[in-house]
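J.: only geometry, no sequence info:
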């Protein structure tokens, strides 16, 4: 019944309890996570108390991981596609200055890339890495990828995009 609770919270004007959001985040159902992502997008300022940076990262990363790993699962209109989930993750992460969260993002993307098929890898490059590497300040977090034979091609492709679309204002 979590999806009903999430849909109710989407249309309600009442504050949303953080405990409920944390509970919903435990789901691996792409449709529930998609509903939760819509809730976060539209009503994140109504979550009381607010999600921490780490909790927000966990939500966005979990949604991305489930979206790319469960591509064959039946999806409702609430579920994010892998590309939507990747763009949501990169849009949020590109404005973070929490070094520990960015390092954790790098490490989780590394593992996902190593274990992923061609579609997963392309999604990571195009939806997440390219946009993160538009910010010069974030490039240093991913430089270790250059020294890794498995990750170097992804880093080089994404860096080429990032440098061509550099966002020096942020």
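T.: Good, I have the coordinates. The shown structure was predicted, so the numbers you read here are calculated from the model rather than taken from an experiment. Residues are numbered from 1 along each chain as shown.

J.: you'd agree residue 39 is up against residue 12?
T.: No: look at residue 39 against residue 12 with Cβ atoms under 8 Å: they stay out of range, at 10.3 Å. (Each C-beta comes from the backbone N, C-alpha and C, glycine too.)

J.: From the neighbour counts alone, determine which of these two ranks first.
T.: When residue 39 and residue 12 are compared for neighbours, residue 39 comes out ahead with 23 against 11, by other Cβ atoms under 10 Å.

J.: quick one: the more buried one and residue 135, what's the gap?
T.: 27 Å (Cβ to Cβ, to the nearest Å).

J.: what are the phi and psi angles of residue 17?
T.: phi -70, psi 130 (degrees, to the nearest 10).

J.: typed the wrong thing, it's residue 50
T.: phi -60, psi 150.

J.: Domain-wise, how is this structure divided?
T.: 1-79, 94-170 (automatic domain parsing).

J.: Which among the ones you listed is found nearest to residue 86?
T.: Closest to residue 86 of those is domain 94-170 (Cβ to Cβ; 2.6 Å).

J.: now that closest one, how far from the chain's geometric center?
T.: 12 Å (Cα atoms, centre = their mean, to the nearest Å).

J.: Going by neighbour count, list what's buried in the helix or strand where residue 107 lies.
T.: Take DSSP states H and E as the rule and residue 107 turns out to sit in helix 99-115. Residues 101-102, 105-106, 109-110, 112-113 are the ones in helix 99-115 that count as buried (16 or more other Cβ atoms under 10 Å).
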